[in-house]
Structures are given as structure tokens and as C-alpha cells.
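K.L.:
based on what follows, work out the 3D shape:
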Amino acid sequence: MGVAALNNKIRVAVAAWEWGAYLGEEGVQRGIRVKTSSYVRFHHNSLMCSAKATGHYVNSILASHEARHDNYDEALLLDADGFVAEGAGENVFIVRDGVVTTPPLSSVLPGITRDAVIRILNDAGIPVVQRRFPRDAIYVADECFMTGTAAEVTPVRELDNRTIGKETPGPVTKMVREIFMSALRGKDPRYREWLYYVP
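P.N.:
Here you go, the predicted structure:
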């Protein structure tokens, strides 16, 4: 054992257990409350942002603990320049005037669920833009949602005690979540290649 683990013969470990809604069933129904963290998503030259490496999660754990200490459901991390990066374990999407925006891959994890959601949106004819935006773009968004392997598609109802949009989840978030959950259960033939059946 060691920090480099150069000669460690174990490369993969698989764990499986039952797990409900990652951010709570109420969060899926009503939306979650999110706090902008004082911790910053690390710069792409400090660590490899595209790697889903265990050590990287220390940054997210610190942000998550801070948010939960203040009675929020999740944390939002900004990048080193102060633009929205991602949640503690999720990618972020906002909807404004019918256009969906998500941060580019410069300092965020290229999530599998993020890719799936972008495809669902494209298939539905909803424009998706990948660009940097400040956190106040979330304050004035019509909708906001987070995506991730555990979070799936989770609506966000508040950021920093500011209510987002008029209803949570909003119509785009609802549509994306319904299609995504249908695809996960093998009920949508458009996305069958996402599933691997184990005999």
C-alpha cells in the first residue's frame, strides 16, 4: 500500500446495495435546497477534472458537509474563476426562456447521466448550450436541476435561500426526469443501448 499504489494488483472493486433517492424522495418531488459552497472546485491544472478518482471527492465531501451543516440538501461548487462548476456529486443544468445551459467540461466531471440528459433534450428539440455562467444565472433561471448516477435527475427549488422559478420541478425538468427514468427501466426503446442485461 502507499499513495502511488503502483504494484497494487486489485484494480476494480464492485459493491451493490439497495438505495433510495440519493437526495431524498421529497427532493425528487419538491426539489432540493442548495447552498453555494465556500470550497472551490479544483482548477483543471491542479487535478485531472475528467477523472472520476476517489481522492477528488475530498473536495466534494468538504462542500457537502458544509451545506448539510447549514441545513441544505446539497452544495454548489464554483470554479477557480467564480463560475458555476457542479454540485458535490452532480452536474448542473439551468433552463431559461426554453434554452438549457450547463457548464462546459473544462472543470467538471463528464457525467454519464449528463450525457444522457443532453441526448434526451436534443431528441426533444430543446436547445442545449455548454457555457460558463455565474451563480446569479441560477437565481434568475426558470428551472434548475442536477444530474448524476446517484442523483439521477433531481430538481433544485432553492439556491442560497432564493426560490428558483415558479414551480418545482418545472416542465423541462419533469419531462427529462420522466424520460430518463423510463429509459432506466427499459421502457423507452430509443435508449435501450444504455442498458446491459445481466443473466
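K.L.:
and the helices in the chain?
P.N.:
With DSSP state H applied, the chain shows helices at 25-30, 57-69, 112-123, 136-139, 171-184, listed in chain order.
K.L.:
export the ones you listed as TSV, with columns for mean pLDDT.
P.N.:
Formatted as TSV, those follow (pLDDT from 0 to 100):
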stretch	mean pLDDT
helix 25-30	89
helix 57-69	88
helix 112-123	97
helix 136-139	98
helix 171-184	97
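K.L.:
residues in contact with A150?
P.N.:
The neighbourhood of A150, defined by CB atoms under 8 Å, 6 or more residues apart in numbering, consists of W19, Y22, G89. The C-beta positions use only the backbone N, C-alpha and C, and glycine is treated the same way.
K.L.:
now the first one. Nearest residue, chain neighbours left out?
P.N.:
Beyond its immediate neighbours in the sequence, the residue positioned closest to W19 (CB to CB, 6 or more residues apart in numbering) is A150, lying 7.3 Å away.
K.L.:
for A15, see how far away the one you found is.
P.N.:
13 Å (CB to CB, to the nearest Å).
K.L.:
quick one: contacts for the closest residue to A21 other than its chain neighbours?
P.N.:
With sequence-adjacent residues excluded and distances taken as CB to CB, 6+ apart, A21 is closest to V28, at 5.0 Å. V28 sits next to A21, T154, P155, R177 when contact means CB under 8 Å, 6+ apart.
K.L.:
so how do I select the buried members of these in PyMOL?
P.N.:
PyMOL command restricting the contacts of V28 to the buried ones, with burial defined by 16 or more other CB atoms under 10 Å:
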select buried, resi 154+155+177
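K.L.:
lowest pLDDT pick from the contacts of V28?
P.N.:
Comparing pLDDT over the contacts of V28, A21 scores lowest. The value there is 83.
K.L.:
for V156, which non-adjacent residue is spatially closest?
P.N.:
Across the structure, with CB to CB, 6+ apart as the measure, the residue nearest V156 apart from its sequence neighbours is C144 (4.1 Å).
K.L.:
now swap in I94 and tell me
P.N.:
A141 (4.0 Å).
K.L.:
just the buried ones from the contacts of A150?
P.N.:
Burial by neighbour count, judged by 16+ other CB under 10 Å, picks out Y22, G89 from the contacts of A150.
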